[in-house]
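Chemist: need a structure here:
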Amino acid sequence: MCVRRSDRRSTRQPDGPSDRRSTGQPDKRSEGRSLRPARTARPASALAGLLLAAALAVAGCSAGGDSGGSSDSKAAARGSAGGQARQDAPGTGGGAASPTGGAAFGAKATAPPKATSQVIRTAALTVEVPDVPKALDAARAAAEDAGGYVGDETTTRDGEGHEQTRVVLRVPAGRYDQVLTALQGTGTLVERTARAQDVTDQVVDVDSRIRSQRASVARVRALMDKADDLSEVVRLEGELSRREADLESLLAQQASLKDRTRLATITLSLSEKPADDKAGAHDEPGFTDALGGGMDVFATLVRWLVLALGALLPFAVTAAVLLLVWLRLVRPRL
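Modeler: Have a look, this model is predicted:
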């Protein structure tokens, strides 16, 4: 724009004496140049001023263009830097994230879910009750009301007629403590042992191995579908049988762990003591008791004397025979 203005100004300059000379017409100013010598320098100075103004205008336009280009480039740089900053800022959807934000996001994305605790609970109770069948019925009711069941059961009697029962109860783990409290209330607690075993790692390991084993079995079956050689098919069948056996073993372990963690095991031992023994233990001895005790002592003494006599009888017979021989044979000679 500015350069074109300078060209227009330069095209307007040849209006002076040079054009008029080319036409051949007389120039009054040239004719009077000798008369007015002081005015001949004005067109030259005006032309020089116009050229200087044009040069300054061109220089100003180029400087303005340079400054405008530099300002535009700076603005573009600021815009790109701002866009990059917005991209780098966490939470704005940029490709790159801050170190802490990226690390936190990566930790949340890659952190495995926390496994639920798996605990096997077992307990053993020994309770002394006045009536074993009644206490056993109460134990069964407590287990069934909690959603469990009665497992093994064994009942015996000792030489004195005292009944003893051993029963295994399976109750849900969530009602374990409640059932224990109810069983202790059936009589006098003699002994109690409880155990809790954490098998979370074992459960997670078995589950992972089952997934891997199933994938392995699927791969072998896929190879069998593609196999054409009979020997290859036979080899793959043997490998498939082995891997399926391993998978079944893992599934059995998984089922056992699930059963033992879902249901707690309580072993209850019930023993009975007769009421007359309990009452007699607190009675004081009387005359009949002393008489009975004396008779027992006398009978015991007689029994021991008879035993002693029986033990000495062979020696007495031998001594009598020897004495008789001595009296008949040895003494007359003396």
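
Chemist: number of nearby residues for residue 305?
Modeler: Under the neighbour criterion other CB atoms under 10 Å, residue 305 is assigned a count of 10. Using the backbone N, CA and C atoms, a C-beta is placed for each residue, glycine as well.

Chemist: kindly apply the preceding question to residue 122 instead.
Modeler: So residue 122, with other CB under 10 Å, has 15 neighbours.

Chemist: same question, residue 249
Modeler: Using other CB under 10 Å: residue 249 sits among 12 other residues.

Chemist: the strand or helix carrying it: what's the following helix or strand?
Modeler: In the assignment (DSSP states H and E), residue 249 maps to helix 230-262. Proceeding N to C from helix 230-262, the next assigned helix or strand is strand 263-272, under DSSP H and E.

Chemist: by contact count, what packs against that next one?
Modeler: Packed against strand 263-272 by the contact rule (3 or more CB pairs under 8 Å, 6 or more residues apart in numbering; DSSP states H and E) you find strand 119-129, helix 132-145, strand 163-172, helix 176-184.

Chemist: what sits up against that strand?
Modeler: 120-132, 135-136, 139, 143, 148, 151, 162-173, 176, 179-180, 183, 186-187, 190 (CB atoms under 8 Å, 6 or more residues apart in numbering).

Chemist: run the last query once more with 6 Å
Modeler: 121-129, 132, 135, 139, 162-171, 173, 176, 183 (CB atoms under 6 Å, 6 or more residues apart in numbering).

Chemist: could you do stretch 252-262 as well?
Modeler: Against stretch 252-262 from outside (CB under 6 Å, 6+ apart): 118, 120, 203, 206.

Chemist: again, only this time at 7 Å
Modeler: 118-120, 172-173, 199, 202-203, 206-207, 210 (CB atoms under 7 Å, 6 or more residues apart in numbering).

Chemist: widest-spaced pair of those residues?
Modeler: 172 and 210 (24.7 Å; CB to CB).

Chemist: quick one, domains of this protein?
Modeler: Split into domains by automatic domain parsing, the chain comes to 1-22+41-80, 119-198+265-272, 201-260.
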